[in-house]
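>>> Got a sequence here, can you model it:
(chains A and B)
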Amino acid sequence: GAVVSQHPSWVICKSGTSVKIECRSLDFQATTMFWYRQFPKQSLMLMATSNEGSKATYEQGVEKDKFLINHASLTLSTLTVTSAHPEDSSFYICSASARESGNTIYFGEGSWLTVV
Amino acid sequence: GENVEQHPSTLSVQEGDSAVIKCTYSDSASNYFPWYKQELGKRPQLIIDIRSNVGEKKDQRIAVTLNKTAKHFSLHITETQPEDSAVYFCAANFGNEKLTFGTGTRLTIIP
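As a prediction, the model looks like this:
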């Protein structure tokens, strides 16, 4: 199947700093990518839809100024958590769909963020 | 928006028995229903999916059934094995590629 790569797989940062997470589609072009957040023992919650060449679409309750999304190319989307706080600690995971596979959705490896 | 309900939240079955997980969705326009298996700390892995033009799909020990009229779909795992233990999520698409996930089912296979 299609490959989606996410980096870093885990990161620890100090409260108040910013952290960038990258999501790449390695063998296909993704005009749309999705960013999810998953707290321990909970389901995946969609944060935003990342659209190549345009602004991201955020889900209700997600602060767009805090979670900056940039989709600069057909293979790369980035999520920047700005002014991170301990409550932002979570598992962040991206996904992308591959038209070559009938729009099947594939996930990146996920990124564990711990804010101390 | 789209709502997906999943039951049960936990399920324990004896090795070799079958496991069934059920989901209901709210958006009648949904037409894509994947199931994911997630092990602790790892990404969800697609195990099977079904589109609205079929009612059932099977892949070895795993099968999914879809009832569009009732807006529910189910995952069936037969001849369960210890490595089937994981958290399973159903999902339904909302607005083409956007997925809404169920709350998950923690499946434990008892040896």
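
>>> Output the below-cut-off pLDDT ranges for chain A.
Scanning chain A with the threshold set as pLDDT under 70 gives A:1, A:100-102.

>>> Mind checking if the longest strand along it is in reach of chain B?
In chain A, ranked by residue count with DSSP state E as the criterion, the top strand is strand A:90-98. Yes. Part of strand A:90-98 sits near chain B under the criterion C-beta under 8 Å from any C-beta of the partner chain, namely A:91, A:93, A:95, A:97. Bear in mind the C-beta positions are built from the backbone N, C-alpha and C, glycine included.

>>> Any buried residues in that strand, and which?
Neighbour-count burial for strand A:90-98, with 16 or more other C-beta atoms under 10 Å in any protein chain shown as criterion, is recorded at A:90-98.

>>> now the residues you listed in CSV, with distance to A:S111?
Shown next, in CSV, are the buried residues of strand A:90-98 (distance: C-beta to C-beta, whole Å):
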residue, distance to A:S111
A:S90, 9
A:F91, 7
A:Y92, 5
A:I93, 7
A:C94, 9
A:S95, 13
A:A96, 15
A:S97, 20
A:A98, 21
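
>>> And these, which is closest to B:A91?
A:S95 (10.3 Å; C-beta to C-beta).

>>> do you know how far that closest one is from B:E83?
Spatial separation of A:S95 from B:E83 under the definition C-beta to C-beta, to the nearest Å is 24 Å.

>>> A:I12: what's it in contact with?
The contact partners of A:I12, by C-beta atoms under 8 Å, 6 or more residues apart in numbering or on different chains, come to A:114-116.

>>> After the helix or strand of chain B with the lowest mean pLDDT, which helix or strand is next? Please name it.
Least confident helix or strand of chain B, by mean pLDDT, DSSP states H and E, is strand B:99-101 with a mean of 90. Using DSSP states H and E, the next helix or strand after strand B:99-101 towards the C-terminus is strand B:105-110.

>>> Please name every helix or strand in contact with that next one.
In terms of contacts (3 or more C-beta pairs under 8 Å, 6 or more residues apart in numbering or on different chains; DSSP states H and E), strand B:105-110 is packed against strand B:10-14, strand B:19-25, strand B:86-93.
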